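Student: how would this look folded up:
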Amino acid sequence: MKTRLSVGPALIAAVAALCAAGGAWAAPAQRAVYRVINLGDPGGGTNTQGTSDNQPGWVVGFAALPGNALLHAELWRDGAAVDLGTLGGPNSAVAWPNHNDHGLIVGISETAEMQPLGEVWSCSLAVFFGAPPDGHVCRGFIWRDGHMTGLPTLGGTNGFATGVNNRGQIVGWAENTTHDPTCDEFNDTHQVLQFEAVRWMREHGHYRAHVLPPYPGDLDGAATAINQLGQVAGISGICDGAVGGATAEHMVVWWHGRVQRLLPTLGGSYWNTPMDINNRGDVVGFSDLAGDGPLAPNFNAFFWSAHPFECNGADIAGGTCDLGVAAGDSVSEALGVNDRGQVVGASFGAADPFGRAFIWQDGRMTDLNTLVAPGTTLFLTDAQEINDRGVITGQALVPATQALVAFKAVPIGVSADR
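Tutor: Here you go, the predicted structure:
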């Protein structure tokens, strides 16, 4: 698995009514031109990413330390970068969009503890892959006002936090104590324990993990995003290697205590992975095409909605739209979606080490680099999130040095901080 506005009761009721009525989101009247801000490599390495930009004036993500072997979660605010530290281990990161504008940040961090069962776990496989696994336990974290705190598991060793909303509801996945026979069925990652999608909620001054059950017949799952209404998107399948593949046999949404399977997929059996969900319940991510395999992904970006929308020039009543790939590319991922239905992500060629950022709007995919104002020296390789003001964050290449830096792309005429 690959990386606001305060919501009160009146707004929640209004959004719920809109969803019930099946109203269509308002597409942008014209395509924006973007001013790109280079957020640099504040950790001293050459691998930095902006992952989330919903807190006004804030971007959060990660920055590599010198040598690029280690990553630390990073916050950009008020013109300065802040290293958020770790839970005592070498690495940390914010790897998924956070939807909280009250100063609460969630992500993953290694602890000082070593893996008691020799597991590699999702954080090393999906985020800290710049160096060989170091054997440290990984936990979800919450950060607020300069303090990072670990989140509990379901009794097992490892956890992973992905998203948070303005209610302080946090989602992700965590291990329990069950030795799952489907672990490492296709991936040899030394995975041992079963893991489930979880929602952490603050109770009596502490966060507690609540299981979000997998789709009937499945054993394992993971939650990847949550919106302001409490709808949670994620995956369901078998344990496999605790990272995509057969763990993502089904793409699902949890809502009002029920798990709903999102259909159709794009035809494949694996890597059916939601990455973000907006307040209308629209879901984006990536899904394999027919002819795939657990170790042979061929995914394309997708947009799923229960409401009518335009898909590649055709009006459809709802369902899944294959967003395709940029010209000449072979795979793509949709990574973020806002309440206007604008989608951002990355498209990759077969021999392309970096990829290119895209925006999908008005039913069509566009290379984001073609919408950048003159004078930008960066090449935008992936777009991780787009907020409701149209501001985008992600990762960009500095062609002269081959360094990867975090960026913020701001539509001309929109403030960078509000």
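
Student: Does residue 304 touch residue 260 like I think?
Tutor: No. Residue 304 lies out of contact with residue 260 (CB atoms under 8 Å); the separation is 11.1 Å. C-beta here means a position set from N, CA and C on the backbone, and glycine is covered the same way.

Student: quick one: which of those two has more around it?
Tutor: residue 304 (26 against 15; other CB atoms under 10 Å).

Student: can you confirm residue 131 is in a helix?
Tutor: No. Read with DSSP: H, G, I helix; E, B strand; the rest coil, residue 131 is coil and lies in no helix.

Student: Can we start the residue count at 647 from this point?
Tutor: With 647 as the first residue, the last one maps to residue 777.

Student: where does the residue nearest to it when sequence neighbours are not counted land in three-state SS?
Tutor: Nearest residue to residue 777 in three dimensions, chain neighbours excluded: residue 715, at 4.1 Å (CB to CB, 6 or more residues apart in numbering). The local conformation at residue 715, judged by three-state DSSP, is coil.

Student: I'd like to know how many residues surround residue 715.
Tutor: Neighbours around residue 715, by other CB under 10 Å: 16.

Student: so it makes contact with residue 775?
Tutor: No. Counting by CB under 8 Å, residue 715 sits too far from residue 775 to count as a contact (10.8 Å).

Student: now the end-to-end length of stretch 909-922.
Tutor: Start-to-end span of stretch 909-922 (CA to CA, to the nearest Å) is 16 Å.

Student: no, scratch that, I was asking about stretch 781-796
Tutor: End-to-end distance for stretch 781-796, by CA to CA: 18 Å.

Student: Likewise for stretch 884-898?
Tutor: 14 Å.

Student: low-scoring pLDDT stretches of the protein, where are they?
Tutor: Under the criterion pLDDT under 70, the flagged ranges of the chain are 647-676, 1062-1064.

Student: Check which helix or strand the residue most central in space within it maps to.
Tutor: Using CA atoms, centre = their mean, the residue of the chain that lies closest to the mean C-alpha position is residue 742, 3.3 Å off. Assigned by DSSP states H and E, residue 742 falls within no helix or strand.

Student: Likewise for the one 10 residues further on?
Tutor: Counting by DSSP H and E, the secondary-structure element that holds residue 752 is strand 751-760.

Student: The residue nearest to the centre of the chain: what's it in contact with?
Tutor: Shown in contact with residue 742 (CB atoms under 8 Å, 6 or more residues apart in numbering): 649, 697, 698, 753, 808, 809, 870, 871, 921, 922.

Student: what's the third one in contact with, if anything?
Tutor: By CB under 8 Å, 6+ apart, the contact list for residue 698 reads 705, 706, 707, 740, 742, 743, 744, 1030, 1031, 1039.

Student: Mind picking the two most distant members of these?
Tutor: Spatial extent of those (CB to CB) is set by the pair 705 and 742 at 13.9 Å.

Student: Now do the shared contacts for those two.
Tutor: Jointly contacting residue 705 and residue 742 under the rule CB under 8 Å, 6+ apart are 697, 698.

Student: Show me the helices in the stretch 847-996 of the chain, by range?
Tutor: Under the criterion DSSP state H, counting those that start in this stretch, the stretch 847-996 of the chain contains no helices.

Student: Would you map the strands across it?
Tutor: Remark: strands assigned in the stretch 847-996 of the chain by DSSP state E, counting those that start in this stretch are 852-858, 866-872, 878-883, 896-901, 904-907, 919-923, 929-933, 946-951, 955-957, 960-962, 965-970, 977-983, 989-994.

Student: And the contacts of the last one?
Tutor: The contact list for strand 989-994, computed with CB under 8 Å, 6+ apart, reads 930, 932, 947, 949, 969, 971-972, 975-983, 1001-1007, 1011, 1013-1014, 1027-1032, 1038, 1040.

Student: what's the following helix or strand after it?
Tutor: Going down the chain from strand 989-994, the next helix or strand is strand 1002-1007, by DSSP H and E.

Student: what sits up against the first helix or strand past that next one going along the chain?
Tutor: Counting by DSSP H and E, the next helix or strand C-terminal to strand 1002-1007 is strand 1010-1013. Strand 1010-1013 is contacted from outside by 677, 947, 958-959, 969-972, 978, 993, 1002-1006, using CB under 8 Å, 6+ apart.

Student: which element follows strand 1010-1013 toward the C-terminus?
Tutor: Where DSSP H and E defines the elements, the next helix or strand beyond strand 1010-1013 is strand 1025-1032.

Student: Alpha carbons of that next one, in CSV - could you do that?
Tutor: In CSV, the C-alpha atoms belonging to strand 1025-1032 read as follows (Å, rounded to 0.1, in the frame of the first residue of the first chain):
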residue,chain,number,x,y,z
PHE,A,1025,9.2,18.4,-12.4
LEU,A,1026,6.2,17.3,-10.3
THR,A,1027,6.5,13.5,-9.9
ASP,A,1028,3.5,12.7,-7.7
ALA,A,1029,0.5,14.6,-6.2
GLN,A,1030,-0.5,13.3,-2.8
GLU,A,1031,-3.4,15.5,-1.9
ILE,A,1032,-5.6,18.3,-3.1
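
Student: where's that strand relative to the chain centroid, distance-wise?
Tutor: In terms of CA atoms, centre = their mean, to the nearest Å, the centre of strand 1025-1032 is found 12 Å from the chain centre.

Student: Return the alpha-carbon coordinates of the following helix or strand past it using CSV.
Tutor: Once the chain leaves strand 1025-1032, the next helix or strand it forms, by DSSP H and E, is strand 1038-1044. Provided in CSV are the C-alpha atoms of strand 1038-1044 (Å, rounded to 0.1, in the frame of the first residue of the first chain):
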residue,chain,number,x,y,z
ILE,A,1038,-1.9,20.4,-4.0
THR,A,1039,1.1,18.9,-2.3
GLY,A,1040,3.4,16.0,-3.2
GLN,A,1041,6.9,15.3,-4.4
ALA,A,1042,8.9,16.9,-7.2
LEU,A,1043,12.2,16.3,-8.9
VAL,A,1044,15.0,18.9,-9.1
